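Visitor: What follows is a predicted structure for the sequence shown.
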Number of protein chains: 2
Amino acid sequence: MKTVTIRDIAKSVNASQATVSRVLSDSDYPVSEAMRDKIKKAAKQMNYTPNLAGRQLKTNTSMTIGIIVPSISNPFYSEVVSGVEEVARQRGYHVLLCNSCQDIELEKNYFRTLLENQVKGVIISSLSKGNEMLAQYSQRGGCVISIDQAQNNSDVFQVNYDYRRGGYIAIQHLLENGHRRIAYVSAPLDRPSRIGIYKGYQDALREYEAPFDEALLCIAEALEGQYYDGKYEFNNGRTLAKRLLSLPPEKRPTAVFACNDLTALGVMYEFQEHGHRVPDDVSIVGFDNVDLAVMTSPPLTTVEHPKSEMGRFACHMLFQVLEGDTGQIQEIMLQPKLVHRQSTQSIPLR
Amino acid sequence: MKTVTIRDIAKSVNASQATVSRVLSDSDYPVSEAMRDKIKKAAKQMNYTPNLAGRQLKTNTSMTIGIIVPSISNPFYSEVVSGVEEVARQRGYHVLLCNSCQDIELEKNYFRTLLENQVKGVIISSLSKGNEMLAQYSQRGGCVISIDQAQNNSDVFQVNYDYRRGGYIAIQHLLENGHRRIAYVSAPLDRPSRIGIYKGYQDALREYEAPFDEALLCIAEALEGQYYDGKYEFNNGRTLAKRLLSLPPEKRPTAVFACNDLTALGVMYEFQEHGHRVPDDVSIVGFDNVDLAVMTSPPLTTVEHPKSEMGRFACHMLFQVLEGDTGQIQEIMLQPKLVHRQSTQSIPLR
DNA sequence: CTGTTAGCGCTTTCAA
DNA sequence: TTGAAAGCGCTAACAG
């Protein structure tokens, strides 16, 4: 079955390829109404499907953008991707999905691929350090938007989130509810987001002149090749909670703040397992506000992270740059918000 | 900055474009070692990046496959996608992500797009009924693999999962632990998977000659435009659990089986909220074995669904077909397995 | 082993 | 308002 091309249509209506192209590619080049109709009708009737490779070759563009994330099955990234896809679709663009598995070689390959496919823009999140392909990509005219991670490359635009402040308001909430012994439970501080949250924790304690107790600081050791999926976070929460539970009663925290919701869940699980009630005996605050956070008992107090909104933002920004509107670009810092549910409670006065 | 093409390289090493192409596209056409080296070196040195549009136009192929799912932010589909992406990557293919939002118009558009981009294969899951573009796509030589949903189109190959049996073994587990009053809680039976699970429930009751009580059958009504995300499932579980809790005590179930884990979570939440202990007062079984299922208290007994494995399978099958190996294709039915955790218990003899 | 040549399907000058 | 012609970067038949 021969595929029908622009030339077949031209022949069938006695027009030139040029005219057909002008009509079918929605060019604003003037073509008479009569001709226009005739061509459109023929195209439809012959079931014409344009071959984008032809156009791409000629115009050196593609209606595709890329997105590189460590793991699409991590709910955090899948939300981001979902936001990106939504606005790309609205603009008639498509998304090439690049699942890097936190493997720098795969990341490099993906950049190469994007280049080869004439993909002019890419959104990245949690890229490995020291990926020289990034520089090469932007140097060749590719446009890059980074989510949640500062890149020391001036060609890369950024969509940020104020993690420090997120940590701050979480602790503020606990402090204002009378808590003084507040533990911090976290995965290794090996990326900017986690470091930011930790800073917020410290800043709040300092500002409110609350005591800082080393024993209440529970940060996991970094392990070679450790992959931070949901199970890791949950188990990490459990493990570190055990540490807290092994303290003598008067040294134990009255509240625990975790670096993300799954870790908070692990902490909650372990405390409940040991007969502690949440929030009566201990308050718990998470981070991210994943869907899950409303489904636990009790529902989790946490800090909102606008995941899909960040994806949408990043994608809008990308199109702004692609359209050459770089002057107008505002780098953005999205703000956190406390979501108060039932895992926290004020300390009753004695 | 001029982009370097095969012709530039040819010039620089005094060879023909043809030879350069043969070397750089890893053709098995014989080229002398010396020439080979010279060309490769030049390519590297000039920082050559092939323009795939050229090749694509010439060869009428693209190294891209598509995947159409209702929602990438649904953990179920993101696992599937993740499996697909993994094997696509191993084969040097890329994945065009199509998030259909259960909107038939979007689905149609995506098929059109795939066709325009010369994407020769697509994996679909939960496609809307009556999408005529599917037929058109396969009729034009596109290859389709369907996950979890029978298509009455003989050109579509399928990767299936035995939902009926999954439902069966869940109930069997409960029956063999002495339960007789077993409730079934489900979202609307508007797709094959849910109907299958329900059949398994019925079959098991019948085979074990357990009584069937209409009052224990809790199936949500279908609502126009209802979108089955995690929150819906959870809330649905809660709502229907309330119905069970409002029964007089002797009429209540001793065990509840839910059509998926999130629904089971909703049921568990509601029972616990009303002071019932799980599993002491009521046993609960979910379906899918999402990551979450180990994180609840108590951890959830559930039925394993190999999500990413199905993605990998589907993708392998796709390549088999793309390579013309259609004779060898075995349509597959993956089997469920019970995952016994702590939300179920045998009924103590009185 | 190497080169010449003719397109793949499309857009876009330029001329009419 | 239309058409002729050139060419985007690549591959593949064919000839040498």
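Guide: Alright, I've got the coordinates. Residues are numbered from 1 along each chain as shown, chains lettered A, B, ... in the order given.
Visitor: quick one: low-confidence ranges for chain A?
Guide: For chain A, the stretches flagged by pLDDT under 70 are A:1, A:348-350.
Visitor: residue contacts, the residue nearest the centre of it?
Guide: Geometric centre of chain A, nearest residue: A:Val80, 4.0 Å, by Cα atoms, centre = their mean. A:Val80 makes contact with A:Val69, A:Ser125, A:Ile147, A:Lys307, A:Ser308, A:Met310, A:Gly311, A:Ala314 under the criterion Cβ atoms under 8 Å, 6 or more residues apart in numbering or on different chains. C-beta here means a position set from N, CA and C on the backbone, and glycine is covered the same way.
Visitor: From A:Thr61, how far off is the residue of chain A found nearest DNA strand C?
Guide: Per Cβ to the nearest atom of the strand, A:Gly54 is where chain A lies closest to DNA strand C, at 2.5 Å. The span separating A:Gly54 from A:Thr61 equals 12 Å under the rule Cβ to Cβ, to the nearest Å.
Visitor: next one: A:Ser25
Guide: Distance from A:Ser25 to A:Thr61, by Cβ to Cβ: 12 Å.
Visitor: Same check on A:Phe76?
Guide: 32 Å.
Visitor: Tell me which of these two has more neighbours.
Guide: Applying other Cβ atoms under 10 Å in any protein chain shown to A:Phe76 and A:Thr61 shows that A:Phe76 carries more neighbours, namely 22 against 14.
Visitor: who's in contact with the more buried one?
Guide: By Cβ under 8 Å, 6+ apart, A:Phe76 lies in contact with A:Asp288, A:Val290, A:His305, A:Lys307.
Visitor: From these, which land in helices?
Guide: Members of those lying in helices (criterion: DSSP state H): A:Lys307.
Visitor: In CSV, list the contacts of A:Phe76 along with distance to DNA strand C and neighbour count.
Guide: Formatted as CSV, the contacts of A:Phe76 follow (distance: Cβ to the nearest atom of the strand, whole Å; neighbours: other Cβ atoms under 10 Å in any protein chain shown):
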residue, distance to DNA strand C, neighbour count
A:Asp288, 44, 25
A:Val290, 43, 22
A:His305, 41, 23
A:Lys307, 36, 24
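Visitor: what does the stretch 151-300 of chain A put close to chain B?
Guide: Counting by Cβ under 8 Å from any Cβ of the partner chain, the stretch 151-300 of chain A comes close to chain B at A:229-231, A:234, A:262, A:265-266, A:269, A:272-273, A:291-292, A:294-297.
Visitor: Show me how to select, in PyMOL, the buried members of these.
Guide: In PyMOL, a selection of the buried entries from those looks like this (16 or more other Cβ atoms under 10 Å in any protein chain shown):
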select buried, chain A and resi 230+234+262+265+266+269+272+291+292+294+295+296+297
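Visitor: picking up where we left off before, kindly format the C-alpha coordinates of the helix or strand hosting the residue of chain A closest to DNA strand C as CSV.
Guide: Using DSSP states H and E, A:Gly54 sits within helix A:52-59. Taking C-alpha atoms only, helix A:52-59 is exported to CSV below (Å, rounded to 0.1, in the frame of the first residue of the first chain):
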residue,chain,number,x,y,z
LEU,A,52,6.9,15.0,9.6
ALA,A,53,10.4,13.7,8.7
GLY,A,54,10.2,15.7,5.5
ARG,A,55,9.3,18.9,7.2
GLN,A,56,11.8,18.3,10.0
LEU,A,57,14.6,17.9,7.5
LYS,A,58,13.7,21.0,5.6
THR,A,59,12.9,23.3,8.5
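Visitor: elements contacting that helix?
Guide: helix B:52-59 (3 or more Cβ pairs under 8 Å, 6 or more residues apart in numbering or on different chains; DSSP states H and E).
Visitor: and the helix it packs on with DNA strand D, contact?
Guide: Yes: against DNA strand D, helix B:52-59 shows contacts by Cβ under 7 Å from any atom of the strand at B:Ala53, B:Gly54, B:Arg55, B:Leu57, B:Lys58, B:Thr59.
Visitor: Pull out the buried members of the residues you listed.
Guide: B:Ala53, B:Arg55, B:Leu57.
Visitor: hang on, isn't the first one packed against A:Ala53?
Guide: Yes: at 5.2 Å, B:Ala53 and A:Ala53 qualify as touching, with contact defined as Cβ atoms under 8 Å.
Visitor: The closest residue to A:Leu334 other than its chain neighbours: what's it in contact with?
Guide: In space, and not counting its chain neighbours, A:Leu334 is closest to A:Tyr161: 4.7 Å by Cβ to Cβ, 6 or more residues apart in numbering or on different chains. Contacts for A:Tyr161 (Cβ under 8 Å, 6+ apart) come out as A:Asp148, A:Ser193, A:His305, A:Pro306, A:Met310, A:Met333, A:Leu334, A:Gln335, A:Pro336.
Visitor: Just the residues you listed: which are in helices?
Guide: Checked against DSSP H, the contacts of A:Tyr161 include these in helices: A:Ser193, A:Met310.
Visitor: Which parts of the stretch 1-150 of chain A are helices?
Guide: Remark: helices assigned in the stretch 1-150 of chain A by DSSP state H, counting those that start in this stretch are A:6-13, A:17-24, A:33-45, A:52-59, A:75-90, A:104-116, A:132-139.
Visitor: right, I mislabeled it, should have said the stretch 251-350 of chain A
Guide: So, for the stretch 251-350 of chain A - with DSSP H, counting those that start in this stretch - the helices run A:261-273, A:307-322.
Visitor: I am finished for the moment; much appreciated.
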